[in-house]
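**Q** Give me the fold of what follows.
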Amino acid sequence: MDRDDMRMLAAHLQWADRRVADALLPLAPAVVSRPLPSSHGSLLATAAHLFGAEWTWLERVRGHSPAQVGPPEGVARLDDLLSRWPAVWEGWRKVAETADPGAVVAYRTTAGAPHATTLAHVLLHVALHSAQYRGQVAAMLRSLGLPAPGTDLIAYLRRPPGG
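**A** Next up is the predicted model:
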């Protein structure tokens, strides 16, 4: 993977997450908090996990190893989450713009185990993990009879310039 691939993945991450955020934003708090069958139990909890994992990996790339995967303190409501997500997207954009894809990211898991992974593989993991949880959000929205945004990479690549 080269820097252009990393830029594309970081840009897709923002685009796809933004589409999910835009789908959740108009929903009532009772809807986003409603218990639904999924890994995390609600739209809000799944979006928070999505955000939290992207934040956690960005922190690892920056040389910090958070003790838990999850959103940092202060993210308890959808508007809290949405107000903080752009900083994470910008962080990934900067990493993709400036960092060496082959650079090794040394970090500790939440259990404290040391690991090292190339930056390119970290970003690829983040992209794939995020796709999984955006898919869960889409399934939950559909189960409520609501439209789900398309967030596939190919849709991002096919979008009109500026779209």
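
**Q** now the strands: where do they sit in the chain?
**A** Using DSSP state E, the strands of the chain run over 104-108, 114-118.

**Q** which residue packs closest to residue 14, ignoring adjacent ones?
**A** Distances taken as C-beta to C-beta, 6 or more residues apart in numbering put residue 89 closest to residue 14, at 4.0 Å, once the chain neighbours are dropped. Placement of C-beta: from N, CA and C, glycine included.

**Q** Verify the contact between the one you found and residue 13 for me.
**A** Yes: using C-beta atoms under 8 Å, residue 89 is in contact with residue 13, at 6.7 Å.

**Q** who's more crowded, those two?
**A** When neighbours are counted by other C-beta atoms under 10 Å, residue 89 and residue 13 differ, and residue 13 comes out ahead with 24 against 18.

**Q** so how far is residue 3 from the more buried one?
**A** 15 Å (C-beta to C-beta, to the nearest Å).

**Q** Please apply the same query to residue 137.
**A** 29 Å.

**Q** okay, these two: which has more neighbours?
**A** More neighbours surround residue 137 than the other of residue 137 and residue 3, with 27 against 14 (other C-beta under 10 Å).

**Q** Now stretch 12-24: buried residues?
**A** Neighbour counts over stretch 12-24 (16 or more other C-beta atoms under 10 Å) mark 12-21, 23-24 as buried.

**Q** got any ranges where the protein has weak pLDDT?
**A** Judged against pLDDT under 70, the low-scoring parts of the chain cover residues 70-75.

**Q** Any figure for the gap between residue 63 and residue 95?
**A** 12 Å.
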